[in-house]
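Trainee: With the input below, show me the fold.
(2 chains)
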There are 2 protein chains.
Amino acid sequence: MENLEKESAIAQDYLARIAKEAEAKFDEHLPPVSDRPCRLHEAMRYSMFAGGKRLRPGLAKATFDMFGGKGEKIWLATSALEMLHTFSLIHDDLPCVDNDDYRRGKLTNHKKFGEATAVMAGDALCVQAFELMGKTGDAQAIELLAHLLGTYGMIGGEMTDIECEGKTVDLEIVDYIHYHKTAALIEASLQVGAMLAGADKKSIEAIRDYGRSIGLAFQIVDDILDIVSTTEELGKDAGSDIEKGKATYPSLVGLEKSRERAHELYEESLLALDRLDCDTSILRAIAAFIITRVK
Amino acid sequence: MENLEKESAIAQDYLARIAKEAEAKFDEHLPPVSDRPCRLHEAMRYSMFAGGKRLRPGLAKATFDMFGGKGEKIWLATSALEMLHTFSLIHDDLPCVDNDDYRRGKLTNHKKFGEATAVMAGDALCVQAFELMGKTGDAQAIELLAHLLGTYGMIGGEMTDIECEGKTVDLEIVDYIHYHKTAALIEASLQVGAMLAGADKKSIEAIRDYGRSIGLAFQIVDDILDIVSTTEELGKDAGSDIEKGKATYPSLVGLEKSRERAHELYEESLLALDRLDCDTSILRAIAAFIITRVK
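Mentor: Down below sits the predicted model:
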């Protein structure tokens, strides 16, 4: 356990450093508030700069570097990935979807700017992400990213999550929701980093498997934290899963078994990294961070 | 005038023929209803198959052929363009945006499937469009398309349109809204068709200028029809612009001057085509259709 904490500290340092660089690029890659439509640009920036771990940019950059990627194009991808993540959060928070008032301790986009602007701000971030991805020149990475974002990926998971609210569901459905809602974009972030670095097919497959494992672990830990943390610690409404009748791991198998499962997934993620013959230390550290994080 | 009607008939035949082929491809390119999340796939298909002129696919295909494009990839783009158009209509119809109950004579997506599903169906169509564009292998076309779709294009126009409701605006703002809301995606459709065919820079510029002119003309005619047609003829609520206090051409300069402006834009579109040394007859016919259409 002590070792896990050491690893986690390394990951947090790394992520904090990359977050700073990535955020400077967000500023470059987002339209200025002085350009028309000003309020929409303000709304896009509000949610993009509302904090967060910047996990997806961190994963993409770590993978790109690990596979010897060179040049500036990775920063186009890190901005695109965070925009896509933010787009999904803004639309998920809408009154007709999850109806959340707070996110990361701040008012949600529609609470601050109104619903119409929030719908458009999400749309605009999604489209802007693909413009940036277009600039990378890698159409294959775009195809993969869109696939893992669409109805066979993130959006499919969100939709099923909404449809299952208040219903009795089994572990197969919860796994489906977790994999699609959360793991798919994490997997995509890693694969896009690898593709932009020119990694070979076997390496991309190994990194995909790592991403699937840490992505599922990430969501299980999220569900655990929703139960054991306070709203203040989380920066969003704690206990909201139970209140909304969301299908979660702990609600089906209990807290202890959920923790065990997260640890199993951690071990699996390391096995996937063992298939690579480069220095995987940062990704190992990030996996440790994911299962030990407290917010 | 008689000549315009002849041209328009040619265009309508052409568009009807392409629509049929394009719709068969939509069916291939949309996820089946039997796949999870079934209801979301149903909602996406509902709006994609709710009719319409399929103008954007027609423009892309005509341009692709005109510049000697070969192969199947144009059909990826025609599906993507119609998905993007449909995505914008679904989100525009939402209660928090334009709050429309009918579109093309059928219930709008949120009226049929509920708001949460309509938000997600729009999102999913947008993302699916970029997956298809990724498959074309043309990252530059993706960048251009996303640019003309984002806050400096279609979404920028929609947002400004919403913000100006009920306000007194001048012709500069109406031109801004029309160009961005409508002409940008029409221009993009033509340019994507040209890029996929491998057209040179000068040709792409000429086709862009043609697109800008017919795009603006299209929206002016739309505004005129909103006043002079009945709801039954239009398949959507007639007179809704006035009711919502929308900024339109006729509301600022009157019907007669609006018709004159549409005709001027028609002439300008033909001048742009004169810069090309290939057979532009289909695009000429489509321009004539755009200013003579009655729905």
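Trainee: CA atoms for contacts and neighbours, from now on please.
Mentor: Noted.
Trainee: and residue A:207, helix, strand or coil?
Mentor: helix (DSSP: H, G, I helix; E, B strand; the rest coil).
Trainee: near chain B, which residues of the stretch 101-250 of chain A show up?
Mentor: A:115-117, A:119-120, A:123-124, A:127-128, A:130-147, A:149-152, A:155-156, A:159-160 (CA under 8 Å from any CA of the partner chain).
Trainee: What's the end-to-end length of stretch A:145-157?
Mentor: 15 Å (CA to CA, to the nearest Å).
Trainee: can you list contacts of that stretch?
Mentor: A:176-182, A:184-185, A:188-189, A:192, B:36-37, B:41, B:120, B:123-124, B:127-128, B:130-131 (CA atoms under 8 Å, 6 or more residues apart in numbering or on different chains).
Trainee: Okay, now the unreliable bits of the stretch 1-150 of chain A?
Mentor: A:1 (pLDDT under 70).
Trainee: What about the closest residue to residue A:49 other than its chain neighbours, how many residues nearby?
Mentor: Leaving aside its sequence neighbours, residue A:49 sits nearest to residue A:23 (CA to CA, 6 or more residues apart in numbering or on different chains; 7.9 Å). By other CA atoms under 10 Å in any protein chain shown, 20 other residues sit near residue A:23.
Trainee: Can you give me the buried ones in the helix or strand containing residue A:224?
Mentor: Here residue A:224, judged by DSSP states H and E, is contained in helix A:201-228. Buried positions in helix A:201-228, judged by neighbour count with 16 or more other CA atoms under 10 Å in any protein chain shown: A:203-204, A:206-227.
Trainee: Report all helices and strands that that helix contacts.
Mentor: helix A:171-178, helix A:184-196, helix A:240-244, helix A:249-253, helix A:255-274, helix A:281-292 (3 or more CA pairs under 8 Å, 6 or more residues apart in numbering or on different chains; DSSP states H and E).
Trainee: So for residue A:31, which of the ones you listed sits nearest?
Mentor: When the helices and strands packed on helix A:201-228 are compared by CA to CA, helix A:184-196 sits nearest residue A:31, at 22.8 Å.
Trainee: pull the CA atoms of the closest one into CSV?
Mentor: The C-alpha trace of helix A:184-196 is given here as CSV (Å, rounded to 0.1, in the frame of the first residue of the first chain):
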residue,chain,number,x,y,z
ALA,A,184,-14.0,4.4,-23.9
LEU,A,185,-12.8,8.0,-23.9
ILE,A,186,-9.8,7.1,-21.6
GLU,A,187,-9.0,4.3,-24.0
ALA,A,188,-9.3,6.7,-26.9
SER,A,189,-7.0,9.2,-25.3
LEU,A,190,-4.2,6.6,-25.0
GLN,A,191,-4.7,5.3,-28.5
VAL,A,192,-4.7,8.7,-30.0
GLY,A,193,-1.5,9.5,-28.2
ALA,A,194,0.0,6.3,-29.5
MET,A,195,-1.2,6.8,-33.1
LEU,A,196,0.1,10.3,-33.3
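Trainee: Next, the distance between the ends of stretch A:110-119.
Mentor: Span of stretch A:110-119 from end to end, CA to CA: 8 Å.
Trainee: which other residues reach it?
Mentor: Contacts of stretch A:110-119 (CA under 8 Å, 6+ apart): A:40, A:43, A:90, A:91, A:93, A:94, A:101, A:109, B:91, B:96, B:97, B:159.
Trainee: Apply 7 Å and report the result again.
Mentor: Stretch A:110-119 has contacts (CA atoms under 7 Å, 6 or more residues apart in numbering or on different chains) with A:40, A:43, A:90, A:91, A:94, A:101, A:109, B:96, B:97.
Trainee: in that stretch, what's buried?
Mentor: Neighbour-count burial for stretch A:110-119 [16+ other CA under 10 Å]: A:110, A:111, A:113, A:115, A:116, A:117, A:118, A:119.
Trainee: and what of stretch A:57-76?
Mentor: Buried residues in stretch A:57-76, defined by neighbour count with 16+ other CA under 10 Å: A:57-64, A:66-67, A:69, A:73-76.
Trainee: How much space separates residue A:31 from chain B?
Mentor: In this view, residue A:31 and chain B are 8 Å apart by CA to the nearest CA, to the nearest Å.
Trainee: Pretty sure that residue sits in a strand.
Mentor: No: with three-state DSSP as the criterion, residue A:31 is coil rather than part of a strand.
Trainee: if I pick the nearest residue to it once chain neighbours are set aside, what's in contact with it?
Mentor: What sits nearest to residue A:31 in space, not counting adjacent residues and going by CA to CA, 6+ apart, is residue A:41, at 6.2 Å. Contact analysis of residue A:41 by CA under 7 Å, 6+ apart lists A:31, A:32, A:33.
Trainee: ok, for the second one, nearest residue in space, not its chain neighbours?
Mentor: In other words, residue A:32. Residue A:32 sits nearest to residue A:41 (CA to CA, 6+ apart), 6.6 Å away.
Trainee: secondary structure element for that neighbour?
Mentor: Using DSSP H and E, residue A:41 falls in helix A:38-48.
Trainee: Could you check how far that helix is from the centre of its chain?
Mentor: 20 Å (CA atoms, centre = their mean, to the nearest Å).
Trainee: quick one, the next helix or strand after that helix and helix A:184-196 angle?
Mentor: Remark: after helix A:38-48, the chain's next helix or strand is helix A:55-66, criterion DSSP H and E. Helix A:55-66 runs at 30 degrees relative to helix A:184-196, counting by axes from the mean of the first three to the mean of the last three CA atoms, to 10 degrees.
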